Structure formats: C-alpha cells, structure tokens
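> the sequence and its predicted three-dimensional model are supplied below.
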Amino acid sequence: MPIDNDFAGDLQLIVPNQHRRYSGVTATNRMVAPKLARLLRAAWFGSDAPDGIARMGMADLLKVWRRRTPLIWHARRNNEMIVGVLLRALGWPFKLVFTSAAQRHHSWITRWLIRRMDAIIATSDISASFLKRAATVIPHGVDTDRYAPPENRAAAFAEAGLPGRYAIGCFGRVRTQKGTDVFVDAMCRLLPRHPDFTAVIVGAIAVEQTSFGNDLKKRIEAAGLASRIVITGELPIEDVQRWYQRLTIYAFTSRNEGFGLTLIEAMAVGAALVASRAGAAELVVEDGVTGVLTPPGDVDALVAALEPLMRDPAVCAAMGARGRARALAQFSLDVEANRIAEVYRALSSPAPLRGER
C-alpha cells in the first residue's frame with residue numbers, strides 16, 4: 001500500500017533492500033527494521049518487507065524529492081549505496097549511512113562509495129578495520145523474546161524423539177566455510193564416549209557443495225553414528241527456533257564469517273557456546289565465561305573444548321544462563337536499534353525521533 005503524503009512529509013528513514021535473493025544481510029535487516037520503525041518514521045523500499053514497518057514504492061520515493069528536511073538512506077550493500085549516491089545527486093535530501101559486516105579488503109568501487117557516506121556502521125571491530133575510515137561498531141541483535149530458553153529443556157529435547165538426553169548443535173548451511181566437517185569429525189570422536197548426547201546439524205547442504213555434504217554423510221555412516229548425528233535439511237524459521245531450545249551446547253565452527261548471527265541466537269536461548277575465532281565470535285563470547293573460543297578449523301581444539309562441557313551438563317546450564325544475560329544486555333534487537341538511532345541523531349537531522357518532542 002502506498003504511503004500517504006503526510007507520512008512521506010514526516011519520513012525520517014528509508015531502509016532499502018535492493019537484492020532479489022533472500023540472504024543473511026536481508027535477514028538481519030528485516031529483524032532490526034521494525035524496531036527502528038518504533039523510533040522513527042521509517043519505510044522499507046524493496047523486496048521482502050517485514051511486518052511492522054511501512055512499505056514504499058517508486059511513486060512514494062518521488063514524494064520526498066527536493067523536500068527541505070533531510071532523511072536517512074541506510075544501505076547495506078554496494079547497489080544500495082550506489083542508488084543513494086545517485087538519488088542524492090539528483091536532488092533527494094539524503095543522509096547516507098552504510099553498515100558493513102565484511103571482514104576483507106574492499107574493492108575500489110566499495111571504497112569509493114564508502115567515502116561518500118555520511119556515517120559508517122561496522123558489525124565488529126574486525127569489520128571496522130577494513131573500512132579505512134572512522135566507523136561506529138554496532139553488533140547485530142537478536143529477538144530475545146523469540147530466541148528464549150525453553151521452560152523445560154529436557155522436555156524440549158524429548159519432543160524431538162532423538163536418542164540420549166542432550167543435544168549439541170551446529171546450525172547453518174552445510175559447507176566448508178561453515179566448518180561442518182570440523183563439527184562432524186569432532187562428533188565422531190566424542191559421541192561414542194558420551195552416549196547421552198546427540199548431535200544436530202540444522203541446515204541444508206549447499207547446492208554447490210553436494211560432494212562435500214555426501215562425504216560427511218559417508219563419514220557419519222562409517223562411524224556408526226547415523227542415528228546420533230542428524231542433518232535436518234532446510235527448515236522453517238519456527239522449527240529452527242525450536243531446535244535452538246533443545247540444545248545444551250552450541251558449536252560455532254565457521255572458518256570465516258561476516259558476523260555469525262547463530263552465535264547470539266544460541267546465546268539467547270541459554271546454550272553453552274564453543275566458538276571458533278571467526279566473524280564476531282571474539283566480540284560476542286567472553287572466553288571461559290559465556291563460552292569457549294577455539295582456533296578455526298582445529299578439530300583437536302574443538303574436541304578439547306567440548307569434552308569438559310559434555311561431561312557436566314550443569315556447567316553448561318550455568319554458562320548458558322550467563323550467556324542469556326549477556327544477550328539481553330548487549331545483543332538484543334532493542335539495543336541494536338537504539339544504537340543505530342544514535343548514529344542517525346549524530347547526523348543532525350532536524351526531524352526529532354519519536355518521543356523527543
């Protein structure tokens with residue numbers, strides 16, 4: 001539904017999503033956008049609009065051309081930065097913001113675009129280090145109401161009908177980058193020694209890595225663990241959330257990541273964490289307090305970190321409770337949205353945020 005002229009006149013923020021394929025960037029954008037819409041007059045421009053924020057099309061965009069009051073265009077991809085730069089050159093009153101999660105050296109076009117932004121947000125210190133200009137570090141947040149500990153973790157696990165009493169999980173697309181092979185190799189060593197545990201890989205085998213996925217299945221079968229290392233395939237988000245609540249331990253085994261949202265999702269449900277030092281793991285996990293950090297791709301280190309936890313689920317519960325408290329304090333969507341709004345305030349837009357009148 002098109003936004004009306006009054007709303008367009010009061011608009012403070014446009015959240016563009018100029019990407020047809022659903023991706024992790026889209027997912028994180030969709031989660032925080034409704035929270036931002038509670039703080040500002042905001043509209044979503046593009047595909048996959050979430051509930052809780054107004055939607056705008058091209059006709060709506062024309063309504064804000066050459067108005068005097070500036071508004072925020074918050075890009076998260078190169079093409080969205082390009083559109084923002086071009087529209088501002090044509091007279092749209094944009095203040096340009098870009099969020100980067102990438103942990104790599106940027107191409108010349110990305111660097112050129114970044115220099116034209118009015119403000120930069122990075123999701124971790126590592127991401128910020130590649131930007132070559134000042135950035136505000138704001139980690140992604142998670143919906144701590146949806147991702148919450150179950151009332152009874154044992155009952156939640158029993159609902160799955162799996163052998164044993166406890167679950168250890170590794171979530172995400174099955175591929176080399178996610179380190180799924182590291183997890184499987186560790187489980188092949190550990191599960192025979194810990195019969196109360198079942199391992200769950202929640203995610204589908206990446207299309208381009210079918211041979212990798214098939215090789216993992218062969219390793220699992222050769223170890224005689226086909227009933228205790230389960231690969232669920234692609235699941236609806238509601239089912240993924242239920243799987244999180246069944247976990248006693250979450251293993252984050254990525255070799256490299258932009259951020260690693262599964263870490264804070266698992267932290268929010270109260271699972272104990274063992275995480276490779278990839279993505280934002282060193283920002284999210286307090287080593288020895290809310291989790292244990294390990295080198296990426298190191299099966300021996302993963303086994304050494306997991307085994308003490310698998311021996312004592314009570315230690316896992318205490319670690320998970322500390323993690324849940326940390327997620328509430330530092331990694332909720334409300335915290336993320338409020339910190340992003342502070343960046344918007346610093347751009348000195350005359351239009352006040354809601355509640356500031």
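Arrived safely, thanks for sending.
> ramachandran coordinates for the nearest residue to residue 10 once chain neighbours are set aside?
Here the nearest residue to residue 10 in space, its sequence neighbours aside, is residue 41; by C-beta to C-beta, 6 or more residues apart in numbering that works out to 4.8 Å. Where you see a C-beta, it was placed from the backbone N, CA and C, and this is true even at glycine. Phi and psi for residue 41, reported as degrees, to the nearest 10, are phi -80, psi 110.
> doesn't residue 6 make contact with residue 41?
No. Residue 41 is beyond contact range of residue 6, at 10.0 Å (criterion: C-beta atoms under 8 Å).
> neighbour-wise, which of those two wins?
Legend: neighbour count by other C-beta atoms under 10 Å for residue 41 and residue 6, higher for residue 41 (18 against 8).
> how close does that one get to residue 18?
Taking C-beta to C-beta, to the nearest Å as the measure, residue 41 falls 21 Å from residue 18.
> using the three-state scheme, assign residue 109.
Here residue 109 takes the helix state, with states given by DSSP: H, G, I helix; E, B strand; the rest coil.
> mind listing what it touches?
Neighbour list for residue 109: residue 78 [criterion: C-beta atoms under 8 Å, 6 or more residues apart in numbering].
> let me know the pLDDT of it.
Looking at residue 109, its pLDDT reads 96.
> what does residue 180 give?
Per-residue pLDDT puts residue 180 at 96.
> burial measure for it, as a count.
For residue 180, the neighbour count with other C-beta under 10 Å is 25.
> return the backbone torsion pair for it.
phi -60, psi -30.
> can you check residue 272 too?
phi -70, psi 140.
> returning to that earlier point: how near is the residue nearest to residue 10 to residue 129?
From residue 41 to residue 129 the distance is 34 Å (C-beta to C-beta).
> ok, residue 188 next?
Counting by C-beta to C-beta - residue 188 and residue 129 are separated by 36 Å.
> more neighbours: which of these two?
Shown here are residue 188 and residue 129; by other C-beta under 10 Å, residue 188 has more neighbours (20 against 11).
> okay, that one: pLDDT?
Confidence score, pLDDT, at residue 188: 97.
> mind checking what helix or strand follows the helix or strand hosting it in sequence?
Using DSSP states H and E, residue 188 maps to helix 180-190. Using DSSP H and E, the helix or strand that follows helix 180-190 in sequence is strand 197-202.
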